[in-house]
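Chemist: 3D, please:
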Amino acid sequence: MKVLVIGDIVGRPGREIVRDLLRTIKQRLAVDLCIANGENAAVGNGITCKIAHELYDYGVDIITMGNHVWNKKEIIKLFEQDEMIIRPANYPPGTVGDGYKILRVKNKKAAVVNLAGRVYLDALDCPFQTIEKQLKIISKVTNIIIVDFHAEATSEKTAMGWYLDGKVSAVYGTHTHVQTADERILPKGTGYITDIGMTGPYNSVLGVQKEIIINRFITHLPQRFEVADGPAQLNGIVLEIDESNGKTTSINRIIVK
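Modeler: All right, here's what the predicted structure looks like:
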């Protein structure tokens, strides 16, 4: 099974490059499943119903989220309609939405799980204990399990990769918007990368107009963040997963401008 994962989609420029390139990329790479992180897809972060459906139309199969999941109240409607969108599984019990989805891909079942880190982010439930509980359910259904770990600290992400080695097919990081060059297959067959990067404005600071961020660093005054204009890039990874045992056989970064 070949899986394309798209890094955090940032604003209109990120959505437009997905619109313009995704179907061609999927066809060229013979992609079976496409996952995208959409927590920054709307103005002011978060995602709207309209944008989620646009991403589905462009060829995204399932959308993961992160710490900005609640920025748009209408996200609750998407969760209630059981759309192919998930939020971090380690929100407290009773929180609306699902932390994982199981999809049918090529006559096989594959699970996508979303987790959030706790270092420098909200103090949610422990992601390590949460995924253990989820795996007791998911592993009875499929051995193809892909985890989006939306976290700030590289140490927390790396620890999660090692913790899940041999338990899931792949662990990839999102949130920091800078693609890391540490993609690898861990000893027990789990594909890993600390961060898959950002899909959005190339000449920016993490997708935001660079002048705004520079001024914030210089003055320490609050600044209204605005998504940058100009050319965009699409960051992500392509995974090849052995359907017989759920192990990753290859993991490659992609950068398309």
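Chemist: so Leu22 sits in a strand?
Modeler: No - counting by DSSP: H, G, I helix; E, B strand; the rest coil, one finds Leu22 to be helix, located in no strand.
Chemist: buried residues in stretch 24-42?
Modeler: When burial is assessed from 16 or more other Cβ atoms under 10 Å, stretch 24-42 yields the following buried residues: 25-26, 31-42. From N, CA and C alone the C-beta is placed, and that goes for glycine too.
Chemist: repeat for stretch 208-215
Modeler: Within stretch 208-215, the residues that count as buried by 16+ other Cβ under 10 Å are 208-209, 213.
Chemist: neighbours of the closest residue to Thr248 other than its chain neighbours, just the number please.
Modeler: Of all residues beyond its chain neighbours, the one nearest Thr248 is Gly191 (3.3 Å), with distances taken as Cβ to Cβ, 6 or more residues apart in numbering. Gly191 has 27 neighbours, counted by other Cβ atoms under 10 Å.
Chemist: correct me, but Gly191 touches Val171?
Modeler: Yes - using Cβ atoms under 8 Å, Gly191 is in contact with Val171, at 7.4 Å.
Chemist: want to throw the buried residues of stretch 24-42 into CSV with distance to Val238?
Modeler: Shown next, in CSV, are the buried residues of stretch 24-42 (distance: Cβ to Cβ, whole Å):
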residue, distance to Val238
Ile25, 9
Lys26, 10
Val31, 7
Asp32, 11
Leu33, 11
Cys34, 10
Ile35, 11
Ala36, 13
Asn37, 15
Gly38, 19
Glu39, 21
Asn40, 22
Ala41, 21
Ala42, 26
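Chemist: low-scoring pLDDT stretches of the stretch 101-250 of the chain, where are they?
Modeler: Of all residues in the stretch 101-250 of the chain, none has pLDDT under 70.
Chemist: Now do the helices in it.
Modeler: 127-138, 154-164, 210-219 (DSSP state H, counting those that start in this stretch).
Chemist: Of the ones you listed, flag the one that's most buried.
Modeler: Across these, averaging neighbours per residue (mean count of other Cβ atoms under 10 Å) puts helix 154-164 on top, at a mean of 19.
Chemist: now for it, which elements pack on it?
Modeler: Applying 3 or more Cβ pairs under 8 Å, 6 or more residues apart in numbering; DSSP states H and E, one finds that helix 154-164 makes contact with helix 127-138, strand 145-150, strand 170-174.
Chemist: what about Ile255, neighbour count?
Modeler: Ile255 has 12 neighbours, counted by other Cβ under 10 Å.
Chemist: was I right about it contacting Val178?
Modeler: No - using Cβ under 8 Å, Ile255 is not in contact with Val178; the gap is 11.7 Å.
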